[in-house]
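**Q** What follows is a predicted structure for the sequence shown.
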Amino acid sequence: MAAEDIGLSSRVRGIEPSGIRRIFELMATMKDPINLSIGQAHYDPPEQLIEAACKAMREGFNRYTVTQGLPELNDLVLDDIEKRLGKRPETCLLTSGVSGGLMLSFLSLLDPGDEILLPDPYFVMYRHLANLCGASVKYYNTYPKKDGERFAIDTDEIDHLVTDKTKIVFVNSPSNPTGGMLTRKEIEAICKAAERVGAYVVSDEIYDLFCYDDDYTSPLQFTDRVIQLGGFSKSYGVPGWRMGYATGPSNVLDALKTLQQFSFVCAPAPFQHALLAAMPEIDLSPYREQYRQKRDLLVRDLHPSYALSKPEGAFYAFPRLPRDQNGVQVASDVFIEAAVEKNVLIVPGKAFSAHDTHFRLSFAASDEHLATGISVLNELAERFSN
Ligand code: PMP
């Protein structure tokens, strides 16, 4: 039966299933795959955090908290931001993951017909949520100008794309899926362009821990009209806990809070208590070091046909699909299926972009899996570039 026939809203009918779904289907047919398609840290959460969560549940912190979350945890998040970025946002709200923060901020800021500027390539959720709000999506290009160069923006293009209909200019640095990071100059230019037309910058900062070459830079350092969305899923290895936060000007955050009251209600209470108790004691830098080493291994060993732009952050690389001697690129489906035949899972770039020229590889994997994955990919590079 067609979706129209069962009475689904047009809002929901406009949402296509994730481009990564096919990968999950393939994965189900594979035994012990070398899974380089995963978007979550491969490590277990720090032991103190688990202990703190169990303790919180035993001590009875299983009821609702206030909508915005425990005031002490809000303060802790704001203190941490101030320490890292040298500026304290006006206010904070604990959310159900960054996903919750995205939903609340898009619903609070976007009217039908408003424009949102997203990076291309982009994390898939952004486009679907923007569509759900009836906003019109425009993309700014971040692909490298030349093979192997960094993922970067063209500030003239951004200036050209913002209009008086632009409501949100979206930043995701370090990026899922590219692992690219914007420079301070690029972020400053985006903030200026947004300010010029009275738009907000919404900044997905979920990978802020994972910066390998430079310190983390946030739009917060250049503008007050920013909603920062941060999270614990990746850094603390707890994506199933559904914990995140939003910060920003209190007049906007009040709207997010009201929506949260009538939707998510609050972020999970025992996990709020666990983070409050354990965060100050946990040093996450060894995790970042592990991932820096994995990044270095990948950059050193991946076949040159992939023209890899060195990932600067997050735990993704976005290599180009190999081309043969006439410069003809292998079709992404053929390439992905060839990898699956060798038990390796990766995600086609078209899941994150209108372009079908790259693929996403997650290096959030054990060293052994990563090394095997690289050698399979190197074999495929030989096959498809000759
Ligand atoms: N933003 C980006 C860029 C992500 O990669 C993810 C998770 N894959 C999310 C947001 C959602 O994270 P959370 O678990 O905090 O909802």
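**A** Thanks, I have it.
**Q** Could you pull up the residues touching Arg119?
**A** Check again: residue 119 is Pro, not Arg. Pro119 makes contact with Tyr139, Tyr140, Thr142, Ile153, Phe170, Val171, Asn172, Ser175, according to C-beta atoms under 8 Å, 6 or more residues apart in numbering. The C-beta positions use only the backbone N, C-alpha and C, and glycine is treated the same way.
**Q** Intersect these with the contacts of the ligand.
**A** Taking C-beta under 6 Å from any ligand atom, the overlap between those and the neighbourhood of the ligand is Asn172.
**Q** Using TSV, lay out the contacts of Pro119 together with distance to Ser99.
**A** Supplementary listing: the contacts of Pro119 in TSV, determined by distance: C-beta to C-beta, whole Å:
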residue	distance to Ser99
Tyr139	21
Tyr140	23
Thr142	22
Ile153	25
Phe170	15
Val171	17
Asn172	13
Ser175	17
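**Q** In strands only, show me the contacts of Pro119.
**A** When the contacts of Pro119 are checked against strands using DSSP state E, the ones located there are Tyr139, Tyr140, Phe170, Val171.
**Q** And the next helix or strand past the helix or strand of the chain with the lowest mean pLDDT?
**A** Across the helices and strands of the chain, mean pLDDT, DSSP states H and E gives its lowest value to helix 21-28, namely a mean of 74. With elements assigned by DSSP states H and E, the helix or strand that comes after helix 21-28 is strand 34-35.
**Q** elements contacting the next helix or strand after that next one?
**A** Beyond strand 34-35 on the C-terminal side, the first helix or strand identified by DSSP H and E is helix 47-58. Judged by 3 or more C-beta pairs under 8 Å, 6 or more residues apart in numbering; DSSP states H and E, helix 47-58 is in contact with helix 269-278.
**Q** is the helix it packs on anywhere near the ligand?
**A** No - on the criterion C-beta under 6 Å from any ligand atom, helix 269-278 is out of touch with the ligand, staying 11.9 Å away.
**Q** what residues are up against the closest residue to the ligand within the chain?
**A** Of all residues in the chain, Gly97 sits closest to the ligand, at 2.7 Å by C-beta to the nearest ligand atom. Contacts for Gly97 were tallied using C-beta under 8 Å, 6+ apart; they are Gly231, Ser233, Pro239, Arg242, Met243, Gly244.
**Q** Please report how far it lies from Met103.
**A** 9 Å (C-beta to C-beta, to the nearest Å).
**Q** And Phe352, by the same measure?
**A** Between Phe352 and Met103 the computed distance is 19 Å (C-beta to C-beta).
**Q** Compare the two and say which is more crowded by neighbours.
**A** Legend: neighbour count by other C-beta atoms under 10 Å for Phe352 and Met103, higher for Phe352 (27 against 22).
**Q** Can you give the contact residues for the lengthiest helix in the chain?
**A** Of all the elements of type helix in the chain, the one with the most residues (DSSP state H) is helix 367-385. Counting by C-beta under 8 Å, 6+ apart, the neighbours of helix 367-385 from elsewhere in the structure are 34-36, 294, 297-298, 301-303, 305-306, 319, 321-325, 330, 335, 338-339, 342-344, 346, 361, 363, 365.
**Q** Drop anything exposed from the residues you listed.
**A** Buried subset of the contacts of helix 367-385 (neighbour count, 16 or more other C-beta atoms under 10 Å): 34-36, 294, 298, 302-303, 305-306, 319, 321-323, 330, 335, 338-339, 344, 346, 361, 363, 365.
**Q** Which of those fall within helices?
**A** Among the buried ones among the contacts of helix 367-385, the members that lie in helices (by DSSP H) are Lys294, Leu298, Phe335, Ala338, Ala339.
**Q** Check those and tell me the two furthest apart.
**A** Lys294 and Ala338 (23.4 Å; C-beta to C-beta).
**Q** Give me every residue in the stretch 51-200 of the chain lying close to the ligand.
**A** When proximity is defined by C-beta under 6 Å from any ligand atom, the stretch 51-200 of the chain lies next to the ligand at Gly97, Val98, Ser99, Phe123, Asn172, Asn176.
**Q** Okay, strands next: where are they in this protein?
**A** In the chain, strands defined by DSSP E lie at 34-35, 91-95, 115-120, 136-141, 166-171, 200-204, 226-231, 244-248, 316-317, 344-345, 347-348, 359-362, listed in chain order.
**Q** I'd like the ones you listed laid out as TSV, including distance to Glu281 and mean pLDDT.
**A** TSV is the format used below for the strands of the chain (distance: least, C-beta to C-beta, whole Å; pLDDT from 0 to 100):
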stretch	distance to Glu281	mean pLDDT
strand 34-35	31	94
strand 91-95	19	98
strand 115-120	35	98
strand 136-141	40	98
strand 166-171	31	98
strand 200-204	27	98
strand 226-231	19	98
strand 244-248	19	98
strand 316-317	29	98
strand 344-345	36	94
strand 347-348	35	94
strand 359-362	28	97
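**Q** For Asp79, find the nearest of these.
**A** Scanning these with C-beta to C-beta as the criterion, the closest one proves to be strand 91-95, at 10.2 Å.
**Q** thinking again about what came up before, give me the subset of the contacts of Gly97 touching the ligand.
**A** With C-beta under 6 Å from any ligand atom as the criterion, the members of those in contact with the ligand are Gly231, Ser233, Pro239, Gly244.
**Q** From those, pick the one nearest Leu107.
**A** Minimum separation from Leu107 among the ones next to the ligand among the contacts of Gly97 (C-beta to C-beta) is found for Gly244, which lies at 15.6 Å.
**Q** Apart from its chain neighbours, what residue comes closest to the closest one?
**A** Leaving aside its chain neighbours, Gly244 sits nearest to Gly231 (3.8 Å; criterion: C-beta to C-beta, 6 or more residues apart in numbering).
**Q** for that neighbour, what are its contacts?
**A** For Gly231, counting by C-beta under 8 Å, 6+ apart, the contacting residues are Gly97, Val98, Gly101, Glu205, Ile206, Met243, Gly244, Tyr245.
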